[in-house]
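Colleague: Give me the fold of what follows.
(chains A and B)
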Amino acid sequence: MSTNSIKLLAGNSHPGLAELISQRLGVPLSKVGVYQYSNKETSVTIGESIRDEDVYIIQTGYGEHEINDFLMELLILIHACKTASVRRITAVIPNFPYARQDKKDKSRAPITAKLIANLLETAGCDHVITMDLHASQIQGFFHIPVDNLYGEPSVLNYIRTKTDFNNAILVSPDAGGAKRVASLADKLDMNFALIHKERQKANEVSRMLLVGDVAGKSCLLIDDMADTCGTLVKACDTLMDHGAKEVIAIVTHGIFSGSAREKLINSRLSRIVCTNTVPVDLDLDIVDQVDISPTIAEAIRRLHNGESVSYLFTHAPV
Amino acid sequence: MPTNSIKLLAPDVHRGLAELVAKRLGLQLTSSKLKRDPTGEVSFSIGESVRDQDIFIITQIGSGVVNDRVLELLIMINASKTASARRITAIIPNFPYARQDRKDKSRAPITAKLMADMLTTAGCDHVITMDLHASQIQGFFDVPVDNLYAEPSVVRYIKENVNYMDSIIISPDAGGAKRAATLADRLDLNFALIHKERARANEVSRMVLVGDVTDKICIIVDDMADTCGTLAKAAEILLENRAKSVIAIVTHGVLSGRAIENINNSKLDRVVCTNTVPFEEKIKKCPKLAVIDISSVLAESIRRLHNGESISYLFKNYPL
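Modeller: I've put the predicted structure just below:
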């Protein structure tokens, strides 16, 4: 076997995505055993030589009960590769864990995303590929290169082919997401609107305010993630109350934790679309999915070959 | 002299803010000399002992000679380090290169990250800054960063100087929507948004208003005013949409390039900036400019930091 070949290693968090990437690249997944001992410690064995190879470890941040186990798996896999004399280690983390803990906006809060960055580097990681970071600035937490890919081109394709986008308006469910929605609005030549959750006053229920006009429109509610879905469902109600024709939610990271399923069943959303950066096990009719594995596979191929990755910032590979 | 006292250091140029802070704290600025060699190199010496003292270096980094100010700051930090200071805190109200905080273009450096690394390499133990362009920049550092907020000072200014019950808060772009929304909440006002549609080939870019500003006093809020072209255009859009009047309130009034002409020729009634950036010369050329003094906030944060007290009071309140 030649040196410096692509080796794909998958942790336990998202085997489906790893398999799709493997098929796309025409590179079989390397044999890796990742288990937990009875005392819950993680054990990793790599079942073939990876000496002097270009290793890509596919492990997403996910799971209500397993997110820390998967993180530990990733760190131990990185370290295992390091001690096995690989040439380069790239962590492929489609949904970066702890990404929302990216600033010290409350007093004495840790910047845990920064700690994750430090841990990955300490374990021996040389490069990171991730997607739709909650804040692009998280790249600056690292001393190593980070390629933050975008779900946006795939979402654009979905909107153009699967929604009535000529009669649609884009909506951000909060003020923080206005920039993302504005960027999409530019590319689709559409208008956009904004929902603002007014801060709760003593003895008052918090109000959702709509900035902009959505009457008679299909509303495409855009966010980077859907977690408990409380905000999405409330935003949907606000839009319907303001005369929207229908509401479709489109998110990159479909995490759906807690009581998300019940909220979605009872909501007025006609559809919720997410990519496969994390496994989605909701078996609901309203859930639709966008496959981003071609983007990640192409990023790996280009990274390995030393080619530019920037094509992927504006295009979804065919 | 007792150990672990507050020592305030400032470069020789732009000492206005440092002097205000010193006055507020009832201290003198520590004597020091910073000069340029014939080669242009910075030479710095501290004129009194700072051994085992708690050093606060107060800088104002604005437009024009950003890189000179950065090197001066790094050299002052290193001078304090080699002079056996106990702790060195850099007070950088307007953090330089803050807008270069991500790699959103291919192959672009994250220069704000480099700035963070340079400060810690020079020997900095703590940083106090204000209204970072992105809060996440705190995560670029391996030392503690206190990101103070101009918002309480801005709220105070609005309540004292604007008929704010008739007002609406405006963000001049989509990226600032969160800041505008937070301020609107504090004042129990509505807010609206201006979106600059990207120019297509052979078309001039359009600015689109999202929201309703009819008969309102529009208060445009932003973290920085640079050439002020966007602010001037935003004011026109708002008035075309039947706003009553437009003022702008900005934290960092960098005002570089044609900013003064743009403001003078604009339909803005007033442009209010804090003194995180040197400002005195610009006020003379532009009668519409007004200043919010944030030296009290910095002074109080220094006092609290030195005494080991919590700073979080300053996130929501103006110091008494």
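Colleague: Show me what from the stretch 1-150 of chain B comes close to chain A.
Modeller: B:101-104, B:106-107, B:110, B:112-113, B:116, B:134-140, B:145, B:147 (CB under 8 Å from any CB of the partner chain). No exception for glycine: its C-beta is placed from N, CA and C like everyone else's.
Colleague: Just the buried ones out of the residues you listed, please.
Modeller: Buried subset of those (neighbour count, 16 or more other CB atoms under 10 Å in any protein chain shown): B:101-103, B:110, B:112-113, B:116, B:134-140, B:145, B:147.
Colleague: Tell me the one of the residues you listed nearest residue A:298?
Modeller: When those are compared for distance to residue A:298 (CB to CB), residue B:103 comes out closest, at 18.4 Å.
Colleague: surely the closest one meets residue A:148?
Modeller: Yes - contact criterion CB atoms under 8 Å: residue B:103 and residue A:148 qualify, at 7.2 Å.
Colleague: joint contacts of those two?
Modeller: Taking CB atoms under 8 Å, 6 or more residues apart in numbering or on different chains as the criterion, residue B:103 and residue A:148 both touch A:136, A:139.
Colleague: Could you give the number of residues near residue A:155?
Modeller: As a burial measure, residue A:155 scores 25 neighbours (other CB atoms under 10 Å in any protein chain shown).
Colleague: did I read that right, it in a helix?
Modeller: Yes - the secondary structure assignment for residue A:155 places it in a helix, going by DSSP: H, G, I helix; E, B strand; the rest coil.
Colleague: need the contact list for it.
Modeller: The contact partners of residue A:155, by CB under 8 Å, 6+ apart, come to A:184, A:222, A:250, A:252, A:273, A:275, A:290.
Colleague: what ranges do the helices span in the chain?
Modeller: I went with chain A, as the question did not name one. Remark: helices of chain A, listed N- to C-terminal, are A:15-25, A:67-83, A:112-123, A:152-162, A:178-188, A:230-241, A:260-265, A:293-305, A:311-314; assignment by DSSP state H.
Colleague: Chain B was what I was after
Modeller: B:16-25, B:66-82, B:111-122, B:151-161, B:177-187, B:229-240, B:259-264, B:280-285, B:295-307, B:313-316.
Colleague: where among those is the average confidence lowest?
Modeller: Of all the helices of chain B, the minimum mean pLDDT falls on helix B:280-285 (a mean of 80).
Colleague: and it, which residues are buried?
Modeller: For helix B:280-285, the neighbour count (16+ other CB under 10 Å) marks residue B:282 as buried.
Colleague: Return the residues of the stretch 1-150 of chain A in contact with chain B.
Modeller: When proximity is defined by CB under 8 Å from any CB, the stretch 1-150 of chain A lies next to chain B at A:102-105, A:107-108, A:111, A:113-114, A:117, A:135-141, A:146, A:148.
Colleague: Show only the entries of the residues you listed found in strands.
Modeller: Using DSSP state E to define strands, the subset of the residues of the stretch 1-150 of chain A next to chain B located there is A:146, A:148.
Colleague: Mark which of the residues of the stretch 1-150 of chain A next to chain B are buried, thanks.
Modeller: Looks like the residues of the stretch 1-150 of chain A next to chain B have A:102-104, A:111, A:113-114, A:117, A:135-141, A:146, A:148 buried, using 16+ other CB under 10 Å.
Colleague: Pick the one among those residues closest to residue A:50.
Modeller: If you rank those by distance to residue A:50 using CB to CB, residue A:146 comes first, at 22.6 Å.
Colleague: what residues does the stretch 201-318 of chain A put near chain B?
Modeller: By CB under 8 Å from any CB, the residues of the stretch 201-318 of chain A that approach chain B are A:209, A:211, A:212, A:308, A:309, A:310, A:313.
Colleague: Quick check: the third one touching residue A:194?
Modeller: Put plainly, it is residue A:212. Yes - at 6.0 Å, residue A:212 and residue A:194 qualify as touching, with contact defined as CB under 8 Å.
Colleague: Quick check: neighbours shared by those two?
Modeller: Both residue A:212 and residue A:194 are contacted by A:171, B:210, B:211, under the criterion CB under 8 Å, 6+ apart.
Colleague: So which of the residues you listed sits lowest on pLDDT?
Modeller: residue B:210 (90).
Colleague: In terms of neighbours, single out the busier of residue A:212 and residue A:194.
Modeller: Relative neighbour count places residue A:194 above the other of residue A:212 and residue A:194, with 28 against 20, counting by other CB under 10 Å.
Colleague: which residue sits closest to the more buried one, ignoring its sequence neighbours?
Modeller: Closest residue to residue A:194 apart from its sequence neighbours, by CB to CB, 6 or more residues apart in numbering or on different chains: residue A:211 at 4.3 Å.
Colleague: Pull the contacting residues for that neighbour.
Modeller: In this structure, residue A:211 makes contact with A:193, A:194, A:195, A:196, B:190, B:191, B:192, B:193, B:210, B:211, judged by CB under 8 Å, 6+ apart.
Colleague: Tell me how far the second one lies from residue B:247.
Modeller: Distance, residue A:194 to residue B:247, by CB to CB, to the nearest Å: 22 Å.
Colleague: Ok, the first one next?
Modeller: Taking CB to CB as the criterion, residue A:193 is separated from residue B:247 by 25 Å.
Colleague: So these two - more neighbours on which side?
Modeller: More crowded of residue A:193 and residue B:247, by other CB under 10 Å: residue A:193, with 25 against 22.
Colleague: My understanding was that the more buried one contacts residue A:214; is that so?
Modeller: Yes - using CB under 8 Å, residue A:193 is in contact with residue A:214, at 5.5 Å.
Colleague: Pull up the overlap in contacts between these two.
Modeller: Residues touching both residue A:193 and residue A:214 comprise A:169, A:171, with contact defined as CB under 8 Å, 6+ apart.
Colleague: how about the nearest residue to residue A:302 once chain neighbours are set aside, phi and psi?
Modeller: In this structure, residue A:302 finds its nearest non-sequential neighbour in residue A:309, 5.2 Å apart by CB to CB, 6+ apart. In terms of degrees, to the nearest 10, the main-chain angles of residue A:309 are phi -100, psi -10.
Colleague: Let me know the pLDDT of residue A:309.
Modeller: In this prediction, residue A:309 carries a pLDDT score of 89.
Colleague: State the number of residues packed around it.
Modeller: Residue neighbour count, defined by other CB under 10 Å, stands at 19 for residue A:309.
Colleague: go on, the one 4 residues further on?
Modeller: The number of residues packed around residue A:313, counting by other CB under 10 Å, is 16.
Colleague: what's near enough to touch the nearest residue to it once chain neighbours are set aside?
Modeller: Ranked by CB to CB, 6+ apart and with sequence neighbours excluded, the top spatial neighbour of residue A:313 is residue A:150, at 5.7 Å. With contact set as CB under 8 Å, 6+ apart, residue A:150 has these partners: A:131, A:132, A:312, A:313.
Colleague: Fine, thanks again, bye for now.
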